[in-house]
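Participant: return a 3D structure for these sequence lines:
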Amino acid sequence: MYSPCIKEKGTLGPKPAIIGHRGAPMLAPENTLMSFEKTIEHGADGLETDVTISWDGVPFLMHDQTLRRTTNIEEVFPSNKTKNAASFIWNELAELNAGKWFLQDNPFGTKHLLSREDREKANRQSICQLSELLKLAATHGKSVIFDLFRPPHKHPYRNSFIHQTVTTIQRSGINESLVMTFHSLGFP
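Facilitator: Now for the predicted structure:
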């Protein structure tokens, strides 16, 4: 009898690569530097994220179309809470906290697994620039996979966001063979 599940010793192929989807979102706020540090700490082979570009041309990590779910936008810029994430300049994005929601919402029920130090660190997380992620990946020799979102109509980088992102990759110092991207025409 033949079964692809039964193999003789030494005939198995290589083990699959472990990729941290938005980092380690059960151990740290998704798409934050802390989340990717946790991914590396736990031995993942690569890092996966989503990238959009700020109004002033800074590629940053954000899965959602708005900042409401994963930042304190409602506290800092309440009148802009429903604006597209790409509609903010980097200095505005840098003012936001990207970790408090994780501790408040406890989305995976794993907050109790975090040390006191990790809870404090999570509480201080900010939105991560693509350049920060690339430097972390380069330091540890990890691959990076990301979905690149096209900015909305009338965005100043709508037609040059790919160039801006490639420039960021080139300047980061990462071996470019470790980077794979997908271009998305919009947000998920």
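
Participant: so the residue nearest in space to the middle of the chain: helix, strand or coil?
Facilitator: The residue lying closest to the centre of the chain (Cα atoms, centre = their mean) is Asn31, at 3.2 Å. Of the three states, Asn31 takes coil under DSSP: H, G, I helix; E, B strand; the rest coil.

Participant: quick check: it vs Lys15, distance?
Facilitator: 26 Å (Cβ to Cβ, to the nearest Å). All C-beta atoms are positioned from the backbone trio N, CA, C, and that covers glycine.

Participant: what bits of this protein have low per-residue confidence?
Facilitator: 1-4, 184-188 (pLDDT under 70).

Participant: repeat the analysis, applying 80 as the threshold.
Facilitator: 1-14, 183-188 (pLDDT under 80).

Participant: which stretches in it count as helices?
Facilitator: Assigned by DSSP state H, the chain shows helices spanning 33-41, 73-76, 90-94, 100-105, 116-123, 130-140, 161-172.

Participant: pull out the buried residues from the longest one.
Facilitator: By neighbour count, with 16 or more other Cβ atoms under 10 Å as the criterion, the buried positions of helix 161-172 are 161, 164-165, 168-169, 172.

Participant: closest one to Met26 out of those residues, please.
Facilitator: Ser172 (26.9 Å; Cβ to Cβ).

Participant: Provide a list of residues in contact with the closest residue to that closest one other than its chain neighbours.
Facilitator: Distances taken as Cβ to Cβ, 6 or more residues apart in numbering put Leu134 closest to Ser172, at 3.6 Å, once the chain neighbours are dropped. The contact partners of Leu134, by Cβ atoms under 8 Å, 6 or more residues apart in numbering, come to 144, 168-169, 172-174, 179.

Participant: now do Lys135
Facilitator: So Lys135 contacts 172-174 (Cβ under 8 Å, 6+ apart).

Participant: now with 7 Å, please.
Facilitator: 172-173 (Cβ atoms under 7 Å, 6 or more residues apart in numbering).

Participant: rewinding a little: I figured the residue nearest to the centre of the chain was touching Thr49, is that so?
Facilitator: Yes. The pair Asn31 / Thr49 is scored as a contact, 5.6 Å apart, by Cβ atoms under 7 Å.

Participant: tell me the residues that contact both of the two, please.
Facilitator: 22, 61.

Participant: excluding chain neighbours, what is closest to Thr183?
Facilitator: Small correction: residue 183 is His, not Thr. Leu148 (5.2 Å).

Participant: is the one you found bridged to anything, and to what?
Facilitator: Val51, His183 (DSSP bridges).
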